[in-house]
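A.B. asks: Below is the sequence, then the predicted model.
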Amino acid sequence: MENTVDKRRQELEKYFDPKSPFASLRIAQMKRAWALTNRRELNWWENSYLPSVISGIALTSKHFFFNLTFHILHLFGLAKKTKGAVTYQYPESPRPLASRLRTRHRLMKREDGSPRCVACMMCETVCPARCIEITAAEHPDPNIEKYPAEFVLDLGKCVYCGFCVEVCPEDAIRMDTQRLDTAQYSRESMIYNKKRLLED
């Protein structure tokens, strides 16, 4: 029993040795403990949250009047170099999206209109959300081994990680449709089959 206690004491002593690599960790722990026990109590003014509310209103007002001033000046042809904030009137005028943004999926087609997918199951395997289901079948063309008889993608489960695009050896699936409107009224309509994926 004594040997166990001595061994434990030796293990703990390295944290209190000022020359050990654990010294800075111990100092940080001591500072944190001191800050928690010696925390200053808020006075009535700080407890009322009025300073925070006032600073928030001041910041919002500053941005509002800054943008309003420059929009008025732009109407008269002044201060053209300084831009004010612009509100996009979505959905009438959607915001321009970056070309590398991962948006809704689409399946790429061959020249004959058939999907480029060879049903290798790599996208289904790598998908962390398990939202892709592929049913493979033999392709009528002897040069192509397989094709997806069914390709089902559940956008309700998809996390838009882009792993399926990166892992595809045939560049058969892409996320470059620039379409973000995936909201639907039912879960069933969030499930995209091969036909819907080829249409995008």
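C.D. replies: Now that the structure is in, tell me what you want to look at.
A.B. asks: From here on, just use CA atoms for contacts and neighbour counts.
C.D. replies: OK.
A.B. asks: What does the closest residue to Glu199 other than its chain neighbours show for phi and psi?
C.D. replies: Distances taken as C-alpha to C-alpha, 6 or more residues apart in numbering place Arg106 nearest to Glu199, at 7.7 Å, with adjacent residues excluded. Phi and psi for Arg106, reported as degrees, to the nearest 10, are phi -150, psi 150.
A.B. asks: residues touching Arg106, list them.
C.D. replies: Residues in contact with Arg106 (C-alpha atoms under 8 Å, 6 or more residues apart in numbering) are Ile173, Arg174, Met175, Asp176, Thr177, Leu197, Leu198, Glu199, Asp200.
A.B. asks: In three-state terms, label the fourth one for me.
C.D. replies: Local secondary structure at Asp176 is given as coil here, using DSSP: H, G, I helix; E, B strand; the rest coil.
A.B. asks: Report the contact partners of the residue nearest to it when sequence neighbours are not counted.
C.D. replies: With C-alpha to C-alpha, 6+ apart as the criterion, Asp176 has its nearest non-adjacent residue at 5.8 Å, and that residue is Thr103. Each residue near Thr103 by C-alpha under 8 Å, 6+ apart is listed here: Tyr160, Met175, Asp176, Thr177, Gln178, Arg179, Leu180.
A.B. asks: before we move on, what about Thr4?
C.D. replies: Thr4 neighbours (C-alpha under 8 Å, 6+ apart): none.
A.B. asks: what's the following helix or strand after the helix or strand where it lies?
C.D. replies: For Thr4, the host element (DSSP states H and E) is helix 2-16. With elements assigned by DSSP H and E, the helix or strand that comes after helix 2-16 is helix 23-37.
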